[in-house]
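Visitor: take this sequence and fold it.
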Amino acid sequence: MTRRLAVIMDPIGEISFAKDTTLAMLLEAQQRGWQLFHLAPGDLALEGGRVLATAQPLSVADDPADWYSLGEAHRFPLADMDLVLMRKDPPFDMDYIYCTYLLELAEADGVLVVNRPQSLRDCNEKLFAAWFPRCMPETLVAARAAPLRDFVARLGDVILKPLGGMGGASVFRLRADDPNINVVIETLTGHGRHLVMAQRYLPEIRDGDKRIILIDGEPVPGVLARIPAPGETRANLATGGRGEAVALSERDRWICAQIGPELRRRGLLFVGIDVIGDYLTEINVTSPTGVRQIDALFGLNVSGRLFDTIEARLAEAGR
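Guide: Predicted coordinates for the structure are as follows:
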């Protein structure tokens, strides 16, 4: 019996072929004989208590000049699928949240959704790390200027970032003598209306912001260290960082052991954590990336490991 997969993502024609993790997943699924369908969040609907999808049949190829083909869209109950991959990039806005509600209904109808919709809502990629304070650097989450200014003054060198961003967008480094402290805080918080995160600056960033992929709470053996470009604080590949292969350290393994059981409990099958030096800084659950680079650097097949886990889950459920 052919298994069916619906992927919810940004337009597949606009992805970066060489870097896109979702494409790696789709290539693996197709190689295993899965039937693929492509849709955007706006292609979901709810009628008569059932979630419907207007989706296009999809085929993919490992060809940078021609990596996908889409068929004619048709409408069907999302419960017809065996698996839904929710791979829409942030912003994590109300439309994203509404989409998770619909996916939760489909999940109740028997569909495996990766990652679990409730956990996508509950586990903000910046804040979720606070559930593991022993793993984190000194951190403050606040909207008001006074505690943020005090935090910068006390630690001397901090990173400020919005809670809903990705790819290094709107991430600032502030030192205690920076003349722009007030304007940066005002801009990020919207003059005290929005919570932001401040963390102690970690000079170990020069050795890389490590992306560690966990599948069902277990780390894959290859780690992608994203090294900042000269003169840049942010290490994200989207901001010019370069990727290097590094091994999991004992501290990395300890961090994974702290968070792994909670990831499994929450149905977070595919997660990418960020570690700088000895400290966990983020837990990425919406659309973690880095798989293509890790595969290339280490000769791994991370998507294969993921689909081994997914297929085992479906077999246990009789699908």
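Visitor: center of the chain, which residue is that?
Guide: Residue closest to the average C-alpha location in the chain (CA atoms, centre = their mean): Pro288, at 2.9 Å.
Visitor: and stretch 200-220, end to end?
Guide: From its first residue to its last, stretch 200-220 covers 28 Å (CA to CA, to the nearest Å).
Visitor: and that stretch, which residues are buried?
Guide: Neighbour-count burial for stretch 200-220 flags 200-202, 205, 207-217, 219-220 (criterion: 16 or more other CB atoms under 10 Å). In this view, the C-beta of every residue, glycine as well, is placed from N, C-alpha and C.
Visitor: let me see the mean pLDDT of it.
Guide: For stretch 200-220, mean pLDDT rounds to 96.
Visitor: what's the answer for stretch 130-145, then?
Guide: Average pLDDT, stretch 130-145: 97.
Visitor: again with stretch 87-98
Guide: If you average the pLDDT over stretch 87-98, you get 93.
Visitor: just the buried residues of it, please?
Guide: In stretch 87-98, counting by 16+ other CB under 10 Å, buried: Arg87, Lys88, Phe92, Tyr96.
Visitor: ok, of these, which one's closest to Ile310?
Guide: In terms of CB to CB, no member of those lies closer to Ile310 than Arg87, at 13.6 Å.
Visitor: surely that closest one is in contact with Ile12?
Guide: No - with contact defined as CB atoms under 8 Å, Arg87 does not reach Ile12; the gap is 10.2 Å.
Visitor: export the helix or strand containing Tyr98 as CSV, just CAs?
Guide: Assigned by DSSP states H and E, Tyr98 belongs to helix 94-108. These are the backbone C-alpha positions of helix 94-108, laid out as CSV (Å, rounded to 0.1, in the frame of the first residue of the first chain):
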residue,chain,number,x,y,z
MET,A,94,-2.0,34.1,14.3
ASP,A,95,-2.5,32.6,10.9
TYR,A,96,0.1,30.0,11.8
ILE,A,97,-1.7,29.3,15.1
TYR,A,98,-5.0,28.9,13.3
CYS,A,99,-3.4,26.4,11.0
THR,A,100,-2.2,24.3,14.0
TYR,A,101,-5.8,24.2,15.2
LEU,A,102,-6.9,22.7,11.9
LEU,A,103,-3.9,20.3,12.0
GLU,A,104,-4.9,19.2,15.5
LEU,A,105,-8.3,18.2,14.2
ALA,A,106,-6.7,16.2,11.4
GLU,A,107,-4.5,14.6,14.0
ALA,A,108,-7.5,13.5,16.0
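Visitor: which other helices and strands does that helix contact?
Guide: Packed against helix 94-108 by the contact rule (3 or more CB pairs under 8 Å, 6 or more residues apart in numbering; DSSP states H and E) you find strand 44-47, strand 50-60, strand 83-86, strand 112-114, helix 117-122.
Visitor: ok, 6 Å please
Guide: strand 50-60, helix 117-122 (3 or more CB pairs under 6 Å, 6 or more residues apart in numbering; DSSP states H and E).
Visitor: report the buried residues of the element among helices and strands of the chain having the smallest mean pLDDT.
Guide: Every helix and strand in the chain was compared by mean pLDDT, DSSP states H and E; the lowest is strand 242-247, with a mean of 90. Applying a neighbour-count criterion of 16+ other CB under 10 Å, one finds Gly243, Val246 buried in strand 242-247.
Visitor: quick one: list the elements packing against it.
Guide: Contacts defined by 3+ CB pairs under 6 Å, 6+ apart place strand 242-247 against strand 222-227.
Visitor: pairing partners for the strand it packs on, with directions?
Guide: Using DSSP bridges, the strands paired with strand 222-227 are strand 209-215 (antiparallel), strand 242-247 (antiparallel).
Visitor: from the middle of its chain, how far away would the last one be?
Guide: The chain centroid and the centroid of strand 242-247 are separated by 19 Å under CA atoms, centre = their mean, to the nearest Å.
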